[in-house]
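need a 3D model of the following:
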Amino acid sequence: MFIVLIRTIILYLIVIASMRLMGKKQIGELEPFELAIAIMVSELASLPMQDTRIPIMHGIIPIITLLALQTIVSLLELKSEKARIFFSGKPSIVIKDGKLNIKELRKERFNLNDLMEELRLQGYYNIEDIHYAILETSGQLSVMPKTELSNVTKADLNIKSQQESLPVTLILDGRINYDNLKIIDKDEQWLNKQLRKNNISSPKNIFIALLDSKGKFYHQSKPQK
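Model (predicted):
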């Protein structure tokens, strides 16, 4: 029993490391060859977990081999357009100027119900409102509405606005993040001053505190026990 536990932990860590090395992509955004490798890695890891008669190296070596293949294919795609098309395919235009491209829909086996669902999820309900709809190699649908139907921006209205920044977490579950304080060029003394302004006696009483995207100090106290 203890051996099975150790083998499972080892294989789990190797699979997690392999998926991290493959890059930061959601399952729905994986290219076809990446999805195939992900499925094969999970299968290779599950066999040594279930059957202790299979040497654990028989699972580790194929996983490392697939990871190496994925790295090689990624490099080939960076260097060669032909390799990129071979492994990942090409995007397909399924709507152009408000008209369906029936040939491409049939080629990709993408039915109208799925297409309309994807359009609705992105806030579009009429095909004639679409200038371009492109089925990407990851299976995601990119939509470009007609210019007169696109959203108005502040730039269109000549409204001047300040660029917002990423929120920065300063306290999390009572612990001060000193690295983030350095990023915003502040110190603990400044943080304590912000806490006193909000009638907070100690950082330990804070569940979360951060500078939001507008530079405003936001905090939420821990629930009372």
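
so the chain: which segments form each domain?
Residue ranges for the domains of the chain, per automatic domain parsing: 2-86, 92-149, 168-221.

and of those, who's closest to Leu157?
The closest of those to Leu157 is domain 92-149. By C-beta to C-beta, the value is 15.7 Å. Every residue, glycine included, has its C-beta placed from N, CA and C.

quick one: the domains of the chain as TSV, columns for mean neighbour count, mean pLDDT and distance to Asn158 too.
Converted to TSV, the domains of the chain look like this (neighbours: other C-beta atoms under 10 Å; pLDDT from 0 to 100; distance: least, C-beta to C-beta, whole Å):
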stretch	mean neighbour count	mean pLDDT	distance to Asn158
domain 2-86	14	77	36
domain 92-149	14	89	18
domain 168-221	14	91	21
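
now distance to Gln162 too, for the ones you listed, in JSON lines please.
Below are these laid out as JSON lines (distance: least, C-beta to C-beta, whole Å):
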{"stretch": "domain 2-86", "distance to Gln162": "29"}
{"stretch": "domain 92-149", "distance to Gln162": "27"}
{"stretch": "domain 168-221", "distance to Gln162": "8"}
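
now stretch 95-115, how far from the centre of its chain.
Distance of stretch 95-115 from the chain centroid (C-alpha atoms, centre = their mean, to the nearest Å) equals 27 Å.

contacts for it next, please.
Stretch 95-115 is contacted from outside by 92-94, 127-133, 135, 141, 146, using C-beta atoms under 8 Å, 6 or more residues apart in numbering.

can you flag which of the residues you listed belong to strands?
92-94, 130-133, 135, 141 (DSSP state E).

any idea which of these is closest to Ile54?
Using C-beta to C-beta, the ones in strands among the contacts of stretch 95-115 come closest to Ile54 at Leu135, 40.6 Å.

thinking that closest one is in contact with Leu141, fair?
Yes: with contact defined as C-beta atoms under 8 Å, Leu135 counts as touching Leu141 (5.8 Å).

report the separation between Ile64 and Gln70.
As judged by C-beta to C-beta, to the nearest Å, Ile64 and Gln70 stand 11 Å apart.

just the strands in this protein please.
92-96, 99-100, 130-135, 141-145, 168-172, 175-176, 206-211, 217-221.

surely Arg175 and Ser202 touch.
No: between Arg175 and Ser202 there is no contact under C-beta under 8 Å: 11.7 Å.

got the contact list for Ser80?
Taking C-beta under 8 Å, 6+ apart, one finds nothing in contact with Ser80.

could you pull out the helices for this protein?
Remark: helices assigned in the chain by DSSP state H are 2-22, 32-50, 57-79, 81-88, 102-107, 112-121, 178-183, 188-197.
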